[in-house]
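Engineer: Provided below are the primary sequence and the corresponding predicted coordinates.
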Amino acid sequence: MPYNIDNKILFLIILFFLISRPAFSSSPDSPMLDLSGEWQIHLEDTTAGITSLNSTPPSWGTITLPGNVAKYSLEKKGIYIGTAWLQKTVYIPKEWAGQDLGLCLGRISHADETFINGKKIGKTGAFPPKGASMWNITRYYTIPRDLVHPGRQNTIRMHVWFHTYGDISGKLYLADYNTITGNSRNTLFSVIIFNYTIIAMGVPLFLVFALFYARRRESSEYFYYCLQLICGLFIVLDTCMLWRFPGGLNVRFKLLAFSWIALNLVHPVFLHRLYNLQRKRVEQVLFAYLVISVPFYIFVTPDHFRLYGLMVAYITGTIGFYNISCHLSALYLKRPYARLFALFGITNIIGAMHDGVIYTAKLQYFNLDGLGKLFNVMLFPPSAAALYMGTAIVLVYRFTDIMKANEDLNLNLETKVEERTRSLVRLTDELEQKNTQFKEMAIRDSLTTLYNHAAFCDRLDEVFINARSDKTSMAVIMIDLDDFRQINDTQGHQVGDAVLIKVAEIVKNCIREYEYLEKNQWQHNHNGKEYDLAGRYGGDEFILALPGCDRDTAFKTAERINRGIKEIDLASYPPIHISASFGIAVLDPATDCSSSDKLITLVDTALHKSKSMATNQIHCMHYRNV
C-alpha cells in the first residue's frame with residue numbers, strides 16, 4: 001500500500017530535481033573582470049543602429065547593473081516599453097593579449113545585441129516589429145582576440161529592448177574563453193535541455209491519463225490532471241524558448257498570465273477530487289475568477305500589462321496558500337494517499353510560489369540578486385516534474401485500488417450467494433469428509449497405515465506409466481521379515497503386531513513417502529521433489545516403489561531399512577532378534593516393459609533368491625527384455 005513508501009526517499013527524489021541544475025562555475029586561476037556597477041544609459045524610441053549614437057552623448061545617464069532598465073525608463077519618461085543603449089568602458093590588462101575572451105551580461109529582458117569597441121559580437125531574441133523574448137537565458141558572447149585592445153580602455157555597448165519586464169540580473173563579467181563556453185553549456189543544459197526533458201516527461205503522462213479518463217469518465221481527477229499538464233506546458237515553455245506567436249510578445253504575456261490563472265483553478269479542483277474534499281463553493285469562486293479574467297485577457301493593452309501581471313501574481317499566490325491547506329487538511333483527515341502525495345504537491349506549490357515572487361519582483365522592479373542564488377533560477381519546472389511523477393504514482397495506485405475494489409465487490413456478491421446456500425455447502429462438505437475418510441480406510445492397512453495391497457498395486461500402475469513417459473528409471477523393493485511366524489508363535493500376536501508397526505515406521509523414515517490422495521498431482525508439482533510409494537503387501541511382507549531411482553540408490557535404501565530393522569527395540573517386551581530379506585527389481589530407462597505386473601514378478605523372484613541364500617540378505621535383479 002502507498003502508506004508504506006518512505007517519505008525520506010521521496011524527499012531525496014524531489015531534492016534531486018531541485019539541485020540538478022548545473023551552477024555557475026569558473027576556475028580559480030581564470031582571469032575575470034567584474035562588470036557590475038555603474039553603466040551609462042541612453043533611452044530611445046527606435047531601434048536605430050549604433051552608428052547613430054556618439055561615443056559620449058550628453059544625454060546619457062547612469063544606471064547600476066544588475067538593475068532594471070524599465071524602472072529607469074518609467075522614472076525618466078513614464079513608460080516601461082522601449083529600447084535603450086547601455087555602455088561601460090573597462091580596462092583590459094596586457095596579460096590578456098593574444099587570446100579570445102568571453103562576455104557574460106546576465107539575464108536580459110527581452111532582446112539584446114552587444115558590441116565591443118564598435119563591432120557587433122552577438123544577439124539574442126528579436127527586436128520589434130517581430131519581437132521575441134529570451135528573458136530567462138543568460139547572455140554569453142565570445143570576443144575574438146582581434147577585437148580586444150589589451151592594455152587600453154575597451155567599450156562594451158548593449159542595445160536592449162524592454163517590455164514590461166526590463167531587468168538585467170545575475171552576474172556580469174568579462175572572462176577567458178573557456179570559462180564563458182563552459183558556463184554557456186551549463187546554461188544550455190539547465191534552462192533549455194532540462195526544461196524540454198520535463199516537457200518530454202509530461203507528454204506520455206498526458207496521453208496515459210487522458211486514456212484513463214476516456215475509459216473511466218466518472219474519475220474526473222484524471223481529466224483535471226491532464227489540464228494541469230497543458231497549463232504547465234505553457235509556463236515551462238516561457239522559461240526556455242523564443243515565442244513567435246501571432247501577436248508577438250503581447251500574446252505571450254496574455255497566454256502566460258492566463259496559464260497561471262487556469263493552473264491555479266485546475267490544481268485545487270484536482271486536489272478536491274483526489275482527496276475527496278467537498279468544497280463546491282470554493283470551486284465556484286475559482287471558476288468565477290477564471291470567467292472574470294477572460295475579458296481582461298482579451299482587452300488588456302500593453303500599457304496595463306504590468307498592473308494585470310501583478311494582479312495575477314498576488315491572487316495566484318493567495319491560491320497557492322489555499323492549495324497547501326488542502327494537503328494539510330488531507331493529512332489531518334488521514335485521507336488515502338495524502339502522506340504519499342502531499343510531499344510532491346507542497347513542493348510543487350512552493351516552487352510555483354517562488355517563481356511567483358520572481359515574476360512579482362520583475363513587475364515591481366525589485367532586484368532579488370541580494371537574496372542569493374535561489375532566486376536566480378525558476379523552480380517551477382523541476383517542481384512540476386516532481387508533481388507530475390508524484391501524481392502519476394498516486395493515480396496509478398488509485399486506479400489499481402479501484403480495480404481491486406471492483407474485484408472485492410464481486411467477491412462480496414459471491415459471498416452473499418454462498419451465505420444463502422451455506423447449509424447445503426456444509427452438508428456437502430461433511431459428506432465429502434466422510435467420503436475421504438472412507439477412501440482412506442479403503443486404501444490404508446489398519447495396523448501399519450501403509451497402503452494396502454490393492455491400493456499399492458493401483459498406485460504402482462501410475463508410477464510405472466509416468467516413469468515410462470518421462471523415460472526415467474524406477475525400482476521396486478520387496479521386504480520379507482525372517483522367521484516372523486516364530487515371533488507370533490513364541491511371543492504372541494501382540495508382539496508381532498508391534499514389530500510390524502515398527503517396521504512400517506522405519507520404512508516411512510527411510511523413503512520419500514508418496515501420499516495416495518496426491519496421485520493426481522504427480523511427483524514434479526512440488527518444486528521438483530519426488531515421492532516414493534510404500535505398502536503392506538501381505539502378512540509380514542512390505543513393498544516399495546521408488547520412481548527415479550537406479551540400482552545404487554535402491555540398494556542404499558534397502559540397506560538403511562535393514563539397519564533400522566536390526567536395531568528395533570521393543571521396550572515393553574522381551575528382547576528379540578529381528579531381520580529381513582530384501583528383493584530389488586530395477587527397470588532402466590532404455591528397457592522396454594509392458595506392465596508393472598512384470599516388475600512385481602521380478603521383485604518376487606529376487607526376494608526368493610535372497611531368502612534361498614540365507615536370512616538377512618539383499619538381492620537385486622535388473623529387468624531384461626524378453
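Structural biologist: On my side now, so go ahead. Numbering: from 1, shown residues only.

Engineer: now the end-to-end length of stretch 564-582.
Structural biologist: 13 Å (Cα to Cα, to the nearest Å).

Engineer: and that stretch, how far from the chain's centre?
Structural biologist: Stretch 564-582 sits 66 Å away from the centroid of its parent chain (Cα atoms, centre = their mean, to the nearest Å).

Engineer: cool, stretch 149-159 as well?
Structural biologist: Distance, centroid of stretch 149-159 to centroid of chain: 54 Å (Cα atoms, centre = their mean).

Engineer: Give me the buried positions along that stretch.
Structural biologist: Under the neighbour-count criterion of 16 or more other Cβ atoms under 10 Å, stretch 149-159 has Pro150, Asn154, Thr155, Ile156, Arg157, Met158, His159 buried. Using the backbone N, CA and C atoms, a C-beta is placed for each residue, glycine as well.

Engineer: For those residues, which two are the farthest from each other?
Structural biologist: Greatest spacing in the buried residues of stretch 149-159, by Cβ to Cβ: Pro150 and His159 (25.2 Å).

Engineer: okay, the buried residues of stretch 149-159 in a markdown table with distance to Leu105 and pLDDT next?
Structural biologist: Output for those, formatted as a markdown table (distance: Cβ to Cβ, whole Å; pLDDT from 0 to 100):
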| residue | distance to Leu105 | pLDDT |
| --- | --- | --- |
| Pro150 | 21 | 93 |
| Asn154 | 15 | 95 |
| Thr155 | 14 | 94 |
| Ile156 | 8 | 94 |
| Arg157 | 11 | 94 |
| Met158 | 6 | 93 |
| His159 | 12 | 94 |
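
Engineer: and those as CSV, adding distance to Ala111 and secondary structure?
Structural biologist: Below are these laid out as CSV (distance: Cβ to Cβ, whole Å; DSSP: H, G, I helix; E, B strand; the rest coil):
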residue, distance to Ala111, secondary structure
Pro150, 31, coil
Asn154, 23, strand
Thr155, 21, strand
Ile156, 17, strand
Arg157, 15, strand
Met158, 11, strand
His159, 9, strand
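
Engineer: Looking at those, which one is closest to Lys598?
Structural biologist: Using Cβ to Cβ, these come closest to Lys598 at Met158, 105.4 Å.

Engineer: I'd say that closest one and Asp112 touch.
Structural biologist: Yes - between Met158 and Asp112 there is a contact under Cβ atoms under 8 Å: 5.5 Å.

Engineer: So for these two, which residues contact both of them?
Structural biologist: Leu105 (Cβ atoms under 8 Å, 6 or more residues apart in numbering).

Engineer: Can you give me the buried ones in stretch 374-383?
Structural biologist: Phe375, Asn376, Val377, Met378, Leu379, Phe380, Pro381, Pro382, Ser383.

Engineer: First-to-last residue distance for it?
Structural biologist: End-to-end span of stretch 374-383 (Cα to Cα): 14 Å.

Engineer: got it, and stretch 142-162?
Structural biologist: First-to-last residue span, stretch 142-162, Cα to Cα: 23 Å.

Engineer: just to revisit the earlier point, turn the buried residues of stretch 149-159 into JSON lines, including distance to Lys77.
Structural biologist: Formatted as JSON lines, those follow (distance: Cβ to Cβ, whole Å):
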{"residue": "Pro150", "distance to Lys77": "39"}
{"residue": "Asn154", "distance to Lys77": "30"}
{"residue": "Thr155", "distance to Lys77": "25"}
{"residue": "Ile156", "distance to Lys77": "24"}
{"residue": "Arg157", "distance to Lys77": "20"}
{"residue": "Met158", "distance to Lys77": "19"}
{"residue": "His159", "distance to Lys77": "17"}
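
Engineer: for these, which one is nearest Arg485?
Structural biologist: Met158 (120.8 Å).

Engineer: Show the contacting residues for the closest one.
Structural biologist: So Met158 contacts Trp85, Leu86, Gln87, Leu105, Ile108, Asp112, Glu113, Thr114, Phe115 (Cβ under 8 Å, 6+ apart).

Engineer: what's the distance between stretch 433-449 and the middle of its chain?
Structural biologist: In terms of Cα atoms, centre = their mean, the centre of stretch 433-449 is found 54 Å from the chain centre.

Engineer: Could you list the low-pLDDT ranges of the chain?
Structural biologist: 1-30, 45-58, 243, 245, 369, 372, 436, 513-530, 625-626 (pLDDT under 70).

Engineer: Closest to the centroid, which residue in it?
Structural biologist: By Cα atoms, centre = their mean, the chain has its centre lying nearest to Ile393, at 7.6 Å.

Engineer: Let me know whether that one touches Gly345 as I believe.
Structural biologist: No - judged on Cβ under 8 Å, Ile393 makes no contact with Gly345 at a distance of 11.9 Å.

Engineer: show me where the stretch 501-626 of the chain has strands.
Structural biologist: 533-536, 541-547, 580-587, 618-622 (DSSP state E, counting those that start in this stretch).

Engineer: What distance do you get for the nearest residue to Ser184 once chain neighbours are set aside to Asp167?
Structural biologist: Of all residues not flanking Ser184 in the chain, Tyr140 sits nearest, at 3.9 Å (Cβ to Cβ, 6 or more residues apart in numbering). Using Cβ to Cβ, to the nearest Å, Tyr140 is found at 18 Å from Asp167.

Engineer: which stretches of the stretch 151-300 of the chain form helices?
Structural biologist: 177-187, 194-215, 220-238, 248-275, 280-299 (DSSP state H, counting those that start in this stretch).

Engineer: can I get these in a markdown table with distance to Ser572 and mean neighbour count?
Structural biologist: Shown next, in a markdown table, are the helices of the stretch 151-300 of the chain (distance: least, Cβ to Cβ, whole Å; neighbours: other Cβ atoms under 10 Å):
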| stretch | distance to Ser572 | mean neighbour count |
| --- | --- | --- |
| helix 177-187 | 91 | 18 |
| helix 194-215 | 75 | 16 |
| helix 220-238 | 77 | 21 |
| helix 248-275 | 74 | 21 |
| helix 280-299 | 85 | 13 |
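
Engineer: Run through the strands of the stretch 351-500 of the chain in chain order.
Structural biologist: Using DSSP E, counting those that start in this stretch, strands in the stretch 351-500 of the chain cover 474-481.

Engineer: Neighbour-wise, give me the winner out of the contacts of Met158.
Structural biologist: Ile108 (29 neighbours; other Cβ atoms under 10 Å).

Engineer: surely it meets Ile168?
Structural biologist: Yes - the pair Ile108 and Ile168 qualifies as a contact (Cβ under 8 Å) at a distance of 5.2 Å.

Engineer: Give me the common contacts of the two.
Structural biologist: Common neighbours of Ile108 and Ile168 (Cβ under 8 Å, 6+ apart) are Val160.
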